[in-house]
Every structure is written in C-alpha cells, then in structure tokens.
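Colleague: Predicted model follows, preceded by the sequence.
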Amino acid sequence: MLFWSVISAAFIGPGSVTACAMAGAQFGLQLLWVLTFATFGTVWLQEAASRITIATGRDLGQTIALANQKRGKTVPYLLFFAVTFGCAAYQAGNILGAVSGLSLLTGWSARWLTIGVGAVCIILLAIGSTQWIANFLGIIVFAMGGAFVYVAFGASPPAIEVAKALVVPSYPAGSLLLINSLIGTTIVPYNLFFGSGITQGQTLSEMRLGVWIAVLLGGFISVVLLIAGLLITGGFTYPNMAAVLSERVGAWGGLLFAFGLFAAGFASSLTAPLAAAITGKSLLGWSERSWTYRLVWIGVLAVGLAFGLSDYNPVKIIVIVQAINGILLPVVTIFLFLAVNDRKLIPDGFRNSLSQNLAMLLVVVVSLIFGGWNVWLAVQSLFN
C-alpha cells in the first residue's frame with residue numbers, strides 16, 4: 001500500500017483540490033458519481049498497465065512500441081505527443097496551484113513567486129534529487145486531505161443522499177467542463193506509464209492489493225474534497241476554501257490548506273515534466289542523458305512558467321487543463337486496451353478477461369462521449 005500510495009498522491013494535486021471543491025460548491029452532490037467512475041477507472045487501467053510489466057518484464061511504453069513496430073515510430077510518437085501535451089497542461093495547473101498556495105501564505109507578488117518556484121524546479125530537475133522532496137510534500141498533501149475529512153463530516157450531508165449521488169449519474173446544466181475535469185484529474189494518463197515502470201519485482205497479488213488500496217484512498221480524499229466544497233459561500237476561490245477550513249478547525253486549518261496547496265502544486269511541478277521525459281524514454285528508447293530527454297522536461301516546465309507569469313485566473317486555468325487531459329485520456333486507453341489483449345506479447349493468464357475488457361471499454365466510451373461533447377461545444381462557440 002505504501003509503495004503504491006505514490007499513485008494516489010500523484011492525482012491529489014491542485015487539480016483535484018480545485019475541481020472537486022468547485023464541483024461541490026457549484027453543484028452540491030450531483031457530480032459525486034463522476035468520482036466513483038473515475039476512481040474505479042483508475043484502478044482498472046492502472047492494474048492492466050502494471051499487469052503488462054509483470055507478465056513481460058517490459059513497461060507499458062516498450063510494450064506498445066513493440067506491438068506497433070510494423071508501423072514504425074508513428075504510434076509511439078502519437079502517444080508521446082498526446083501524453084506530453086497533457087503533462088504540459090497539468091504543469092500549467094501545477095505552477096499556478098503552487099504559487100496560489102504561497103500567495104495565501106505570504107501575500108507576495110505572484111509574478112516573483114512564479115519565477116522563484118520555476119528556478120527551484122529547474123535546479124532540482126537538473127541535479128535529479130527530487131524523490132525525497134516529492135515524498136515529503138506528499139505527506140503534507142495527505143495531512144491536508146485529513147483536515148478535509150474532518151471538515152466533510154462537519155458538512156453533514158444525509159448519508160442516503162451521498163450514497164445515491166455516488167452511483168446515480170446526473171448532468172446538471174453547465175457541468176460538462178467540470179465532469180471532464182474530474183475525470184482528467186483522477187485518471188491521469190502519464191500515471192499509467194509511471195505506474196507500469198515501478199511494478200518491477202512485484203507479484204500479481206501484491207500489485208493488485210497495492211493499487212486497489214492506494215487508488216481507493218485517493219478517491220476517498222477526492223470525495224471529501226467535494227463534500228467540503230458544500231460549505232463554500234460566495235463562489236469558489238482559494239481564500240474562500242481556506243476560510244472554510246479556518247472556521248471549522250481553527251486558524252491553523254487555513255494555513256494547512258495554503259501550505260498543502262503549495263505542496264501539491266510543487267510536488268506535481270517536479271513529477272509532470274519528468275513524466276513526459278520518462279514516457280519518451282519508454283516509447284522511443286531515449287537515454288536519460290540525451291539532450292532530447294532534457295529538452296522535453298525543460299519544455300513542459302516552460303509551459304507551466306508561461307501560464308504562471310500570465311494574468312489568467314488560476315482556478316479557471318486549472319479546471320480547463322484537467323478537462324484537456326480528460327479529452328486526451330481515450331487516446332492512451334485505446335492503445336493500452338490493444339496491448340493488454342495482444343496474444344503474441346501477453347501470455348495466458350495475464351491478458352484481460354471479459355469483465356476487464358468491458359470495464360476498460362466503459363472508460364473509453366464515457367471519456368469519449370464527454371470529451372467529444374466538450375470539443376463540439378468549444379467548436380460551436382468558436383464559430384459563433
């Protein structure tokens with residue numbers, strides 16, 4: 001469980017805090033079902049990606065590249081650009097989330113804080129000493145999650161309503177962007193490559209137990225974030241969210257939220273650029289010492305800094321970039337589905353069962369419907 005908790009920590013970032021709390025503030029319990037779907041979707045996809053590594057000794061990217069070698073590098077490059085685009089979108093939200101947390105703590109200029117956060121990220125990524133920092137900040141994020149658990153119980157929504165909202169889909173007017181955001185911030189495409197890469201040396205039962213417990217823990221924190229959002233008045237903003245914690249648990253609650261938001265953003269600001277570079281290494285066979293590998297993480301970090309130095313509303317940007325990843329999700333999922341069912345590469349006993357295939361297809365279909373719908377509305381808006 002401790003080994004796999006890195007996956008749940010990876011999707012409890014500024015995107016989860018923002019999208020979940022905003023969903024609760026704007027739509028009450030009506031979007032809880034999205035978190036149920038996304039949490040189980042994460043389990044199904046992550047388990048399949050990790051099962052490939054246990055079965056073959058190759059990670060997900062290497063397996064997909066091998067399965068599509070007759071097409072040359074077309075499929076690996078397609079997936080690499082899709083995941084890297086998603087990582088760049090995440091990075092914009094990560095930088096903005098980290099700076100928003102620091103702004104709440106210090107009251108300093110967001111522009112100078114962005115430059116400072118970016119400079120520290122560049123130094124740490126260049127020297128490669130990021131793991132212990134990410135682990136420490138992950139502990140802070142889980143502590144913030146614990147405070148939200150206390151606040152969520154204080155919100156006291158009827159248990160029967162919560163249970164119903166967790167399983168009964170609803171689509172309130174104006175919620176499409178948030179639905180895509182909740183999916184995209186929970187089922188993180190680059191986590192499939194990352195999780196597959198850290199599976200080496202585990203048995204199938206160990207991996208499954210770890211994935212289920214860790215992802216359900218992350219899903220639980222997402223649910224309590226949404227329920228805590230019920231208490232926000234006057235519209236969702238980070239100061240309003242901090243005020244809710246301060247009122248419920250004392251002044252230290254607001255400080256914990258601010259530091260937790262910074263910790264979530266900063267830890268993710270280190271992992272998203274590396275995830276893009278590691279995906280390229282996995283799919284395209286790069287060396288970690290190559291300039292191509294370095295240019296990828298530098299480019300992803302640069303995108304985040306560009307958005308951080310802009311005057312855009314951080315909450316809106318974070319919601320939008322999570323939705324972008326919800327739209328990109330089917331691209332990665334389709335190739336994962338094909339790889340885990342490949343009879344030439346995956347031995348008997350490790351390929352998907354009928355129920356596992358149906359579960360993965362459900363994720364593809366739902367994300368395609370909502371993602372495609374979002375794109376269609378955006379195109380209509382553009383032409384109108």
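Modeller: That came in fine, so what should we check first?
Colleague: Chain neighbours aside, what residue packs nearest to Pro189?
Modeller: Val332 (4.5 Å; C-beta to C-beta, 6 or more residues apart in numbering). From N, CA and C alone the C-beta is placed, and that goes for glycine too.
Colleague: what does Arg51 give?
Modeller: Excluding the flanking residues, the one nearest Arg51 by C-beta to C-beta, 6+ apart is Phe350, at 5.6 Å.
Colleague: Mind telling me what element the one you found is part of?
Modeller: Taking DSSP states H and E as the definition, Phe350 sits outside all helices and strands.
Colleague: which SSE is the residue nearest to Pro189 in?
Modeller: In the assignment (DSSP H and E), Val332 maps to helix 314-340.
Colleague: Give me the neighbour count for the residue nearest to Pro189.
Modeller: Look at Val332: counted by other C-beta atoms under 10 Å, it has 26 neighbours.
Colleague: Mind pulling up the pLDDT for it?
Modeller: Looking at Val332, its pLDDT stands at 88.
Colleague: pretty sure Met144 contacts Gly254?
Modeller: No: counting by C-beta atoms under 8 Å, Met144 sits too far from Gly254 to count as a contact (11.1 Å).
Colleague: Show me which residues of stretch 41-61 are buried.
Modeller: By neighbour count with 16 or more other C-beta atoms under 10 Å, stretch 41-61 contains the buried residues 41-56, 58-61.
Colleague: nope, stretch 314-323 is what I meant
Modeller: Quick answer for stretch 314-323 (16+ other C-beta under 10 Å): Pro314, Val315, Ile317, Ile318, Val319, Ile320, Val321, Gln322, Ala323.
Colleague: got the contact list for it?
Modeller: For stretch 314-323, the external contacting residues (C-beta atoms under 8 Å, 6 or more residues apart in numbering) are 14-15, 18-19, 22, 89-90, 92-93, 96-97, 99-100, 177-178, 180-182, 184-185, 236-238, 307, 374.
Colleague: Is Leu78 in contact with Val331, as I believe?
Modeller: Yes: between Leu78 and Val331 there is a contact under C-beta under 8 Å: 7.5 Å.
Colleague: Looking at those two, which is more packed in?
Modeller: Val331 (21 against 15).
Colleague: tell me the SS of the residue lying closest to that one once chain neighbours are set aside?
Modeller: For Val331, ignoring the flanking residues on the chain, the nearest one in space by C-beta to C-beta, 6+ apart is Ala82 at 4.7 Å. What DSSP: H, G, I helix; E, B strand; the rest coil gives for Ala82 is helix.
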